[in-house]
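>>> I would like the atomic coordinates for the input below:
(chains A and B)
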Amino acid sequence: MKLALPSPRLPAAVGWRDHAIGASMALAYVGWLLTGARALGFPRDEGVYFRAGADYIRWYRTLFERGADALHQGTIDSMWGMNHEHPALMKTLFGASWFLFHEKWHVFSDASTAFRLPGMAMGGLALWVTYLFGARAFSRTAGAIAAVLLALMPRVFFHAHLACFDVPIMTMWTLCVYVHWRAQERRSLGWAIAAGIVYGLTLETKHNAWMLPAVLVPHALFVHRHAILRGLRAGRLAIPSSLVSMAILGPAVFLSLWPYLWNDTLGRVQWYVNFHLNHEYYNIEYLGRNYFGPPSPKSDVPVMILATVPTVTIALFLVGVFERARASGRRLWAWVRRELRCNVPDPPARDPRETDLLLALSFAVAVGPFFLSKTPIFGATKHWLPAYPVLALIAGRGFELVRGAMHRALPDLDPRRRLAANVALVVCVVAAPLAVTWHSHPFGLSTYVPLVGGTAGGADLGLNRQFWGYTTQSAAAEYLNIKAPRGAGVFILDTTWDAWARMQEEGRVRSDLRAVGAPSDGLFALVQHELHMNEVDYDIWIADGTDAPAYVVTHDGVPIVSVYKKP
Amino acid sequence: MPVVGLVELVAHVAQTRPAAADADWNAARDYVAAHAKPEDLVAFAPRWADPLGRMHFGPALAAIEREARADETRFPRALEVSIRGAHLPAFGGWRRAGERSFGGVTVTTWENPEPAHVLSDLVSMIDPQHARVTRGDADCTFVHGAPSSGGLGFGLAIPGDRFACPGGAFVGMSVVPDLDYLPHRCVYAPPTGGQTTRIRFLDVRFGASLHGHHALYVEAERDRRGAPVALTFRSGDTLLGTVEHKDGDGWKPFELDTGALAGQHGELLVEVGSSGDRRMYCFEADTR
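Below you'll find the predicted structure:
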């Protein structure tokens, strides 16, 4: 009797097996992120979100334990007042994860890892959604390569470790675009409702979601243009159901998950909107100059993308863009000729989902504001992360085209050799992004791709090396924990007291060391190298009477943190 | 496309190796220690490598006087310690007199074609042996205290050794970060309360010119909202000149003609005044 092994071939239609593939990629990524969590210190913002998350969960516990008491404005404001300039979804998840996985079930010994888990899960979810999107839009290969290339962007990898909102909004933005796209395709009530709920969750993740209508509305109107025009001619306005759902369910979900807005709703929403429309300009170094405010340099987005996204990914993206633009151009030309009543014997096939338009809008709207001179640029690349899944998707399409070209160039390969050629191509495309991303940790913000000379090349160009003071942990690991005398005072500069205390609590920094608020108050002083930190560097020279650091933390030979010791 | 990926991988491997090992830096340090004269400049290139240079070379070779120089004009020679083939633009017009490599570190010797001969350096004279300070009608006494410093936004460090004036004003040597965040050693003399601070340098050797620079702490002048600061130089009854620093000027050079006093010794009175309050102002000057 012969045993027949199940065929490894997947059915043509994308289905549950693809969810399994996406979920596996997500799990593998989260696993990788978890292994590196302890090497990464705490950025300024994280400390605030840790505390806010714990407060929010305290409110939910109050709600379950004392019911109506939790609904009094005083109770709500006392527990939801912290960091009310950002919506609550991620902080609530951070807090829930901390409560369940650290406090209750002791899955993670570090509270910070439990706080960070939802952010990491969002990083994994981004791969899952990107894979599905690519598999449905182009092919499984394109989807898989897109997900891998997204995972292997050093800045995405860095931010995916954190209990912050930048990777979550990248994920939710992409999920929202994906669900919207599926809703246009399926045209069912279920998908329309899903679009509304997901948009609400995206609004509840970060304010980038305010820009999503600029992606989704024109796309939906274009997809449904014939029906809308027919309706208008008949005297009725036919609005796509997904847009109606987003307009109704979106704000409802947004408000329902953020108790802080339940009282004085209009005033508080107004304050939230105004906070971000008039956001303070934090400073950042770009091409050797410190930008403290407008006008922001218009070259920031392209230069920073070229300098931080692996070049092979960009190259594949350009291949994909060229092909998709050519296809769209052909279609546009055919339309023009049809409108001009020219003969168009063989018009190109139309994608009823208008995927190219949707991806182009998603990318353009995600990066567009950063070309405006009034938009602050202090986040380096993190504020336009929502553009990266599209970049990866088009790169995945580019990979598919390159693979096709390879097959055409090598037509006589037997199946075994063809498989080997495919594997070699994948290795060639993935190896450099993997090596750069792997090597970047924990200095993801200092890392620049080989195209600009790596970390040292970034320093040569005067590109920002870090922010948020998170590298203090590296200074502790490499020097302070080993060399500092017992009870020594350490001036921690850009690191927050919260972050320092947590590093001590989790045994990352020796618990006897004391953080101090001025260089002259401690035996040691740290300078996390950013251009504007130089002013403190020079103060230390006067305070200590020496300009020679006792130790310098470096990444690829580039100074990251100087540690001064009083002579 | 595979080539792009492979080139990127190879470049990554090459770039992630530090440009210089500790042993290279130490060998370069020993060479510089053996060859640098006190009047020589020791500088590191590129600028971002400066912390590494200071750590390996120590405060004697990488002295604050060299690191926080006003400019390069006074140095007859420079030993430029560089990695990655970098050079400082300041030596563009200098003559390359030699080069030694120590692994990844290169020491280039540059000769200044027209070094200035400094007669008196006012920043080095801001002590009770060489200077007296008054603010308004009150004398400022020299104190040996603890330096004060802080985090971002604190301003220049307040030196421990300083002339302390009534009302909290002071004069002392500090290092100002200019608009480009470069360090400059200078006399920190913040005008306060609209009163003029007068610094009398007791025994200055005059030459053909009085050469200097002035600036405000970067955070104090980058928004261009403060009142200007005037710096006046007098010798006896002779007004040598007044220079004004406006916000946004950065590390601004000035040069006053002192040809009539050349070869003489005497007092030099420096007046610092501004209609603004607590302007974090710093200047340096020398006679040459």
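>>> can you count the residues close to residue 101?
With no chain named, the answer covers chain A. Using other CB atoms under 10 Å in any protein chain shown, A:F101 has 18 other residues around it. Glycine gets a C-beta too; all of them are placed from N, C-alpha and C.
>>> not quite, I wanted chain B
The local packing count at B:S101 equals 12, with neighbours defined by other CB under 10 Å.
>>> does the closest residue to it other than its chain neighbours sit in a helix, a strand or a coil?
Nearest residue to B:S101, sequence neighbours excluded (CB to CB, 6 or more residues apart in numbering or on different chains): B:V107, at 7.8 Å. Following DSSP: H, G, I helix; E, B strand; the rest coil, we place B:V107 in the strand state.
>>> is B:V107 in a bridge, and if so with what?
With DSSP bridges applied, B:V107 shows beta-bridge pairing to B:V81, B:R100.
>>> that one contacts B:V32, correct?
Yes. Between B:V107 and B:V32 a contact is recorded at 6.1 Å, counting by CB atoms under 8 Å.
>>> so what sits against both of the two?
Overlap of the contact sets of B:V107 and B:V32 (by CB atoms under 8 Å, 6 or more residues apart in numbering or on different chains) consists of B:79, B:81.
>>> show me the contacts for A:M304.
A:286, A:380-381, A:463.
>>> same thing but at 10 Å, please
Going by CB atoms under 10 Å, 6 or more residues apart in numbering or on different chains, A:M304 touches A:155, A:286, A:370, A:377, A:380-381, A:384, A:448, A:463-464.
>>> closest one to chain B out of those residues, please.
When those are ranked by distance to chain B (CB to the nearest CB), A:Y448 comes first, at 9.2 Å.
>>> look at A:H84 and give its secondary structure.
Per three-state DSSP, A:H84 ends up coil.
>>> contacting residues for it?
A:52, A:77, A:258, A:260-261, A:268, A:271-272, A:275.
>>> picking up where we left off before, what's the closest of the contacts of A:M304 to A:S241?
A:W384 (30.2 Å; CB to CB).
>>> once you drop chain neighbours, what's closest to the closest one?
In this structure, A:W384 finds its nearest non-sequential neighbour in A:V367, 4.8 Å apart by CB to CB, 6+ apart.
>>> I'd like to know how far the one you found sits from A:L361.
11 Å (CB to CB, to the nearest Å).
>>> and after the helix or strand hosting B:R54, which helix or strand comes next?
According to DSSP states H and E, B:R54 maps onto helix B:50-61. Of the helices and strands lying after helix B:50-61 in sequence (DSSP H and E), the nearest is helix B:64-67.
>>> do that next one and chain A meet at all?
Yes. Helix B:64-67 is in contact with chain A by CB under 10 Å from any CB of the partner chain, via B:64-67.
>>> list the buried residues in that helix.
Residues B:64, B:66-67 are the ones in helix B:64-67 that count as buried (16 or more other CB atoms under 10 Å in any protein chain shown).
>>> from these, which single one is nearest B:E284?
Of all the buried residues of helix B:64-67, B:E284 sits closest to B:I64, with 12.6 Å by CB to CB.
>>> tell me how far the closest one lies from A:W335.
B:I64 sits 70 Å away from A:W335, taking CB to CB as the criterion.
>>> burial count for the residue lying closest to A:T447 once chain neighbours are set aside?
Excluding the flanking residues, the one nearest A:T447 by CB to CB, 6+ apart is A:S440, at 3.8 Å. Residues lying near A:S440 (other CB under 10 Å) number 25.
>>> OK, contacts around the closest residue to chain A within the stretch 151-288 of chain B?
Going by CB to the nearest CB, chain A is nearest to B:A157 of the stretch 151-288 of chain B, at 3.5 Å. Residues near B:A157 by CB under 10 Å, 6+ apart: A:518-520, A:535-536, A:538-544, B:147-150, B:172, B:174-176, B:188.
>>> in JSON lines: the buried residues of helix B:64-67, plus pLDDT.
What follows is the buried residues of helix B:64-67, written out as JSON lines (pLDDT from 0 to 100):
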{"residue": "B:I64", "pLDDT": "97"}
{"residue": "B:R66", "pLDDT": "97"}
{"residue": "B:E67", "pLDDT": "98"}
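>>> distance to A:W98 added to these, as TSV?
As requested, those are exported to TSV (distance: CB to CB, whole Å):
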residue	distance to A:W98
B:I64	47
B:R66	51
B:E67	46
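>>> quick check, nearest of these to A:L189?
Among these, and counting by CB to CB, the member closest to A:L189 is B:E67, at 70.1 Å.
>>> residue closest to the middle of chain A?
Central residue of chain A (CA atoms, centre = their mean): A:V167, 2.6 Å from the mean position.
>>> shared neighbours of A:V367 and A:L361, anything?
Common contacts of A:V367 and A:L361 (CB under 10 Å, 6+ apart): A:V390.
>>> right, and B:F142 touches B:V133 too?
Yes. Taking contacts as CB atoms under 10 Å, B:F142 lies within contact range of B:V133: 8.0 Å.
>>> picking that back up, what residues are up against the residue nearest to A:W384?
A:300-302, A:305, A:383-384, A:386-388, A:390-391 are the contacts of A:V367 under CB under 10 Å, 6+ apart.
>>> most neighbours among these, please name it.
A:P386 (30 neighbours).
>>> ok, that one touching A:F363?
Yes. Look at A:P386 against A:F363 with CB under 10 Å: they come within range, at 8.8 Å.
>>> what do the two both touch?
Each of A:V215 lies in contact with both A:P386 and A:F363 under the rule CB under 10 Å, 6+ apart.
>>> export the residues of helix B:64-67 next to chain A as TSV, with columns for distance to A:P87.
Below are those laid out as TSV (distance: CB to CB, whole Å):
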residue	distance to A:P87
B:I64	49
B:E65	54
B:R66	52
B:E67	47
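>>> close to chain B: what parts of the stretch 201-350 of chain A are there?
A:283, A:285, A:288-290, A:292-293, A:310-316, A:319.
>>> just the ones of those residues in helices?
A:311-316, A:319 (DSSP state H).
>>> where does pLDDT dip in the stretch 151-288 of chain B?
Applying pLDDT under 70 to the stretch 151-288 of chain B picks out no residues at all.
>>> got a list of what A:C176 touches?
Residues near A:C176 by CB under 10 Å, 6+ apart: A:129, A:169, A:194-195, A:197-203, A:205, A:209, A:212, A:215-216, A:246, A:250, A:362, A:386.
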